[in-house]
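Student: here is my input, please return the structure:
(one chain, ligands or ions: 3)
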Amino acid sequence: MTLLEIETLKTYYHTETGDVHAVDGVSLSLSRNETLGLVGESGSGKTTIAESINRILPENGEVVDGSIVYDGVNLTELSEKELQKYRWNDVSLIPQSAMNAFDPVYTIEEQIVEVIRAHRPDTSKAEARERAQELFEFVDLDPERVTDYPHQFSGGMKQRAAIAIALALDPPILLADEPTTALDVIIQDQILERIKDLQAEINSAMIMITHDISVVSETCDEIAVVYGGRIVEYTDTETVINEPHHPYTMGLRNAFPSIAEGDQELISIPGSPPELVNPEEGCRFADRCPFAEEECYEKTPQPREVAEGHVVECHRADEAEELRPEANKKEAWTEERPKDAAAGQEGYSND
Ligand SMILES: Nc1ncnc2c1ncn2[C@@H]1O[C@H](COP(=O)(O)OP(=O)(O)OP(=O)(O)O)[C@@H](O)[C@H]1O
Ligand code: SF4
Ligand SMILES: [Mg+2]
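Tutor: Ligands and ions are numbered 1, 2, ... in the order given. The predicted structure follows:
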């Protein structure tokens, strides 16, 4: 059953130079108990999607179009006050930086108690404190440390505490925004495991956000690949990993050791992300795509189902079988393309 349905969401940041189209027509859906991975490089709009859902965008950010329907309610139409009921209780966010998860002037316990009592006023302070300790145990933190201030915690401990507070009310939806990026590899694995266990325990659905396709390939049922504010490919994990239809997904796969095929050399995608201030018509990946054709520069590809439940935004999606072996070759990504030469563009070295 669908729990969250996002349709053609557009979230822009208003700036002096124009509107940054950080999320520009994104549609996705999340079922009960499902884990969806949002994967894409820095600046592609992942955090903006998450912050649009429970509307905690920076001041210059605005949801300008589309709908976010949670359990039959369109969250984009709710007032700030109405929306507060849903934050933490229904949709909870583990923020990208655990630094932002806590107010430095209150102890962690005070903050967890506050979240619990704001949504469940019948809970006594003693009960809420007990719950805070239980949550600390859940995330493998010493319950006695719950009365510490955020600055008394290391980065890894703060990250665990951020997970604890996000789980305080057993939310049906958990948004985990790069929950482990700042941590070392061993702790990363432990925390990912813990999030998965807890998710199973409280039966929540999760959107896991990361730039690392190998993380989502291990954790998620479905993957949405985000590029330049759009979802360029979206289907079940196995298909994304084994039969990608979008050249960007093919490129992402090459860059991660546990995903790249056999002993294949790792290849990064040269170039940089697209300009999102009032973007022009055309495929946003065209400047970096080895398979770009004339049409790609002229017409924005629209989402299209190439198989049931497999949505791709690429003019050449039907040629995926032929393009895939080409995309595994380093030359495909490093060769200068005719259009670049004509435009005198640079930036295609493979650093
Ligand atoms: N407050 C802001 N004002 C203007 N532009 C912004 C603002 N916040 C984000 N952006 C821009 O919006 C785009 C999407 O940013 P977002 O943080 O959602 O990306 P992300 O995929 O989460 O990146 P990362 O992997 O680095 O966390 C980027 O181009 C970013 O520069
Ligand atoms: S539409 Fe064209 S440029 Fe864009 S990903 Fe597909 S082939 Fe590449
Ligand atoms: Mg982010």
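Student: what is the neighbour count of the residue of the chain found nearest ligand 3?
Tutor: Of all residues in the chain, the one sitting closest to ligand 3 is residue 47 (3.1 Å; Cβ to the ion). Yep, even glycine has a C-beta here, placed from its N, CA and C like the rest. By the measure other Cβ atoms under 10 Å, the count of residues near residue 47 is 22.
Student: and it, that one's in a helix?
Tutor: Yes - the assignment for residue 47, made by DSSP: H, G, I helix; E, B strand; the rest coil, places it in a helix.
Student: contacts only, for it.
Tutor: 96, 177, 209 (Cβ atoms under 8 Å, 6 or more residues apart in numbering).
Student: most neighbours out of the residues you listed, which is it?
Tutor: Within the contacts of residue 47, most neighbours by other Cβ under 10 Å means residue 209, with 26 neighbours.
Student: please, which helix or strand holds that one?
Tutor: When elements are assigned from DSSP states H and E, residue 209 belongs to strand 205-210.
Student: given that strand, what are its sheet partners and their directions?
Tutor: According to DSSP bridges, strand 205-210 has the following sheet partners: strand 35-39 (parallel), strand 173-177 (parallel).
Student: residue 253 is nearest to which of those?
Tutor: Put simply, out of the strands paired with strand 205-210 the one that sits nearest residue 253 is strand 35-39, at 10.6 Å, with distance taken as Cβ to Cβ.
Student: is ligand 3 within reach of the closest one?
Tutor: No - Strand 35-39 stays out of contact with ligand 3 when judged by Cβ under 5 Å from the ion, the minimum separation being 9.5 Å.
Student: what average pLDDT does that strand get?
Tutor: Taken as a whole, strand 35-39 has an average pLDDT of 96.
Student: list the contacts of the nearest residue to residue 190 once chain neighbours are set aside.
Tutor: Ranked by Cβ to Cβ, 6 or more residues apart in numbering and with sequence neighbours excluded, the top spatial neighbour of residue 190 is residue 140, at 7.7 Å. Residue 140 makes contacts with 160, 190, 194, as judged by Cβ under 8 Å, 6+ apart.
Student: can you pick the most crowded of the residues you listed?
Tutor: Of all the contacts of residue 140, residue 160 has the most neighbours under the rule other Cβ under 10 Å, reaching 24 neighbours.
Student: pLDDT value on that one, please?
Tutor: 88.
Student: touching, it and residue 141? I think so.
Tutor: Yes - taking Cβ atoms under 8 Å as the contact criterion, residue 160 and residue 141 are neighbours in contact, 5.2 Å apart.
Student: ok so, going back, from the contacts of residue 47, which single one is nearest ligand 1?
Tutor: Ligand 1 lies nearest to residue 96 out of these, by Cβ to the nearest ligand atom, at 5.6 Å.
Student: counting neighbours, which bits of the lengthiest helix in the chain end up buried?
Tutor: Selection of the longest helix in the chain by residue count, based on DSSP state H, yields helix 185-202. Residues of helix 185-202 classed as buried by neighbour count (16 or more other Cβ atoms under 10 Å): 187-188, 190-192, 194-195, 198-199.
Student: any chance you could list what contacts stretch 14-21?
Tutor: 10, 12-13, 60-62, 229, 276-279.
Student: okay, how far is it across that stretch, tip to tip?
Tutor: Across its full length, stretch 14-21 reaches 9 Å end to end, with Cα to Cα, to the nearest Å as the criterion.
Student: now stretch 291-304
Tutor: Across its full length, stretch 291-304 reaches 18 Å end to end, with Cα to Cα as the criterion.
Student: now it: how far from the chain's centre is it?
Tutor: Offset of stretch 291-304 from its chain centre (Cα atoms, centre = their mean, to the nearest Å): 24 Å.
Student: what lies in contact with that stretch?
Tutor: Taking contacts as Cβ under 8 Å, 6+ apart, the residues outside stretch 291-304 that touch it are 27, 231, 247, 281-286, 289, 311-317, 319, 323, 326-327, 337, 339.
Student: now stretch 78-87
Tutor: The set of residues external to stretch 78-87 that reach it, using Cβ under 8 Å, 6+ apart, is 54-56, 70, 73, 75, 119.
Student: at 6 Å instead, please
Tutor: Contact partners of stretch 78-87, identified using Cβ atoms under 6 Å, 6 or more residues apart in numbering, comprise 54-55.
Student: how far is that stretch from where the chain is centred?
Tutor: Going by Cα atoms, centre = their mean, where stretch 78-87 is centred and where its chain is centred differ by 22 Å.
Student: what do you get for stretch 45-58?
Tutor: Between the mean C-alpha point of stretch 45-58 and the mean C-alpha point of its chain there is a distance of 10 Å (Cα atoms, centre = their mean).
Student: the residue most central in space within the chain pairs with what?
Tutor: Closest residue to the average C-alpha location of the chain: residue 209 at 2.8 Å, with Cα atoms, centre = their mean. Partner residues in beta bridges with residue 209, using DSSP bridges, are residue 38, residue 177.
Student: nothing else from me, thank you.
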